[in-house]
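**Q** Here's my sequence, what's the structure:
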Amino acid sequence: MLQLGITFSADASSTQWLPDHFKLETGTVVSAGGSNALKPNNAGVLTLTFPVAGQSLDNQHLLRLSFEGPSPQRFLIFWQSDTIAGKLFHVEVAAPAPGTSTLDLAEFTGWEGNAEILGIEFRLLPGQQLKLSNVSLSSLSLSDVLKNYWYHWAGNRYWHNIEINRVTGTVDADAGPYPVPFFAGLTALALALLVFFRAVRRDKGAFNWQVAGGVILCIWILSDSFWQLRLWRQAGVTWDTFGGKTTQEKLLVSAHANFVGFTQQAKDHIQNSDARIFIASAGDYTGMVSAYFMAPFNTYWHRGGPELPAGDSLVSGDYILVVAPSAVKVDLDSGTLRYAGEVGLKVSIEYDSASGTLLKVM
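**A** Numbers count the residues shown, from 1 in each chain. Model prediction:
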């Protein structure tokens with residue numbers, strides 16, 4: 001546990017916490033390069049809280065943090081105030097990029113009253129480390145607004161699956177303003193001003209479409225520069241993460257590293273390469289990814305339907321890979337499997353881990 005004191009006023013417009021002020025709730029402190037770094041637990045979770053003294057969340061709603069290391073897979077903020085006694089709020093926001101990031105929390109439900117608990121949670125790949133240099137809460141100024149807009153449009157983050165079909169051009173895909181409508185409006189305003197100045201000057205000559213086209217081109221280049229900046233940064237992150245690695249090494253540093261390691265261990269315990277493997281999972285994502293990485297084995301997964309077929313459809317030598325979340329229950333003492341429609345299927349446990357269990361039908 002890492003915990004130190006701090007001197008500040010509850011009425012101040014800005015409150016800053018340095019590394020000695022952090023309280024490490026989940027994870028460990030390790031020595032790295034002559035200074036201390038923070039390492040998550042085996043599940044990749046790193047949680048910190050900060051000493052609060054009744055800061056007014058209504059006034060101090062700008063959260064800044066500076067860190068070095070990998071960009072987290074997920075990032076969460078949690079707090080409790082005196083507004084609703086005992087109510088702990090949790091929100092997940094777009095994962096910040098290394099460096100200094102600024103988040104405006106005023107829009108979130110429950111960010112009001114005087115703070116009693118404040119903390120952040122990083123979700124990293126197991127074994128990764130980061131150095132968090134400071135965290136602060138402050139009031140919003142005009143320069144902060146402009147910086148927020150810049151970060152919102154130009155900030156770096158990983159691509160998300162939703163962007164296969166929908167790209168908003170913002171760090172938080174669900175929060176505006178969005179750059180395309182903004183620059184479209186700016187273009188319309190610029191063209192309207194051209195028409196207005198012609199009318200004021202009573203210019204009766206032909207409209208200069210080259211000027212209008214130049215305005216449209218310049219604004220389009222400005223809007224596209226944000227996309228190009230993000231693309232350039234992403235290319236660097238991709239090279240740093242995957243460059244020079246084999247296919248297996250790339251998988252082990254990807255966002256699916258846990259599934260890759262788990263399914264590889266499960267495959268190593270399957271003796272018959274022609275055996276049937278049934279994926280039992282109530283999670284659409286976990287079931288799909290597990291089935292994918294179990295290839296090229298003879299894998300079955302019923303998406304959206306019963307997790308497993310009826311017990312009389314399973315024969316000796318079949319394998320069942322139970323991946324959380326799942327309604328399938330294993331009685332370790334009696335070696336039986338229980339699920340809807342089946343209350344006593346005999347199985348042996350071939351491999352067990354925090355991610356799931358491989359069973360063999362007896």
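**Q** What separation do you get for the nearest residue to residue 123 once chain neighbours are set aside and residue 177?
**A** Once flanking residues are discounted, residue 123 sits nearest to residue 74: 3.7 Å by Cβ to Cβ, 6 or more residues apart in numbering. Yep, even glycine has a C-beta here, placed from its N, CA and C like the rest. Per Cβ to Cβ, to the nearest Å, residue 74 is found 24 Å from residue 177.
**Q** These two: which has the busier surroundings?
**A** Ranked by neighbour count (other Cβ atoms under 10 Å), residue 74 and residue 177 place residue 74 first, with 15 against 12.
**Q** Name the helix or strand of this structure that has the lowest mean pLDDT.
**A** Lowest by mean pLDDT, DSSP states H and E among the helices and strands of the chain is helix 142-154, with a mean of 75.
**Q** about what we covered before: for the residue nearest to residue 123, give me the backbone phi and psi.
**A** Note on residue 74: backbone dihedrals following degrees, to the nearest 10 are phi -140, psi 160.
**Q** Give me the pLDDT for it.
**A** With respect to pLDDT, residue 74 scores 91.
**Q** what do you get for residue 1?
**A** Value listed for residue 1 in the pLDDT field: 30.
**Q** Can you list the low-confidence ranges for the stretch 1-150 of the chain?
**A** Applying pLDDT under 70 to the stretch 1-150 of the chain flags residues 1-13, 32-34, 144-145.
**Q** Stretch 278-291: how far from the chain's middle?
**A** When C-alpha coordinates are averaged (Cα atoms, centre = their mean, to the nearest Å), stretch 278-291 and its chain have centres 20 Å apart.
**Q** outside of it, which residues touch it?
**A** Here stretch 278-291 makes contact (Cβ atoms under 8 Å, 6 or more residues apart in numbering) with 256, 259, 262-263, 294, 299-301, 303-304, 307-309, 314, 318-328, 339, 356.
**Q** what's the closest non-adjacent residue to residue 254?
**A** Beyond its immediate neighbours in the sequence, the residue positioned closest to residue 254 (Cβ to Cβ, 6+ apart) is residue 260, lying 7.2 Å away.
**Q** Oops, could you answer that again for residue 31 instead?
**A** Nearest residue to residue 31, sequence neighbours excluded (Cβ to Cβ, 6+ apart): residue 37, at 7.6 Å.
**Q** Next, give phi and psi for the one you found.
**A** Dihedral angles for residue 37 - degrees, to the nearest 10 - are phi -120, psi 160.
**Q** now it: how far from residue 258?
**A** Counting by Cβ to Cβ, the separation of residue 37 from residue 258 is 22 Å.
**Q** mind listing what the helix or strand where residue 357 lies pairs with, with the direction of each?
**A** Using DSSP states H and E, residue 357 sits within strand 356-361. Partners of strand 356-361 in the sheet, by DSSP bridges, are strand 319-323 (antiparallel), strand 342-352 (antiparallel).
**Q** buried sites along the longest one?
**A** Of all the residues in strand 342-352, those buried under the rule 16 or more other Cβ atoms under 10 Å are 342, 345, 347, 350, 351, 352.
**Q** Which of those residues sits closest to residue 56?
**A** Set against residue 56, the nearest of these by Cβ to Cβ is residue 352 (49.4 Å).
**Q** Leaving out chain neighbours, which residue sits closest to the closest one?
**A** Using Cβ to Cβ, 6+ apart and skipping the chain neighbours, the partner closest in space to residue 352 is residue 358 (7.5 Å).
**Q** Verify the contact between the one you found and residue 349 for me.
**A** Yes. Between residue 358 and residue 349 there is a contact under Cβ atoms under 8 Å: 7.5 Å.
**Q** So the most centrally placed residue in the chain versus residue 46, what's the distance?
**A** In the chain, the residue lying closest to the centroid (Cα atoms, centre = their mean) is residue 74, at 2.8 Å. Note on residue 74: its distance to residue 46, by Cβ to Cβ, is 11 Å.
**Q** Can you pull the residues that touch both of those two?
**A** 122, 123.
**Q** quick one, strands of the stretch 101-250 of the chain?
**A** Assigned by DSSP state E, counting those that start in this stretch, the stretch 101-250 of the chain shows strands spanning 115-123, 131-138.
**Q** Name the residues of the last one that come out as buried.
**A** To tie it back to what came earlier, the one meant is strand 131-138. Neighbour-count burial for strand 131-138 [16+ other Cβ under 10 Å]: 131, 132, 135, 136, 137, 138.
**Q** Which stretches in the protein count as helices?
**A** Ranges of helices in the chain, per DSSP state H, are 142-154, 179-201, 209-242, 247-252, 257-268, 284-293.
**Q** looking at these, which has the lowest confidence?
**A** helix 142-154 (a mean of 75).
**Q** Touching it from outside, list them.
**A** Contacts to helix 142-154, defined as Cβ under 8 Å, 6+ apart, come from residues 62, 101-102, 104, 138, 169-172, 175, 177, 179, 226, 229-230.
**Q** what is the orientation angle of it with strand 131-138?
**A** With axes from the mean of the first three to the mean of the last three Cα atoms, to 10 degrees defining the directions, helix 142-154 sits at 130 degrees from strand 131-138.
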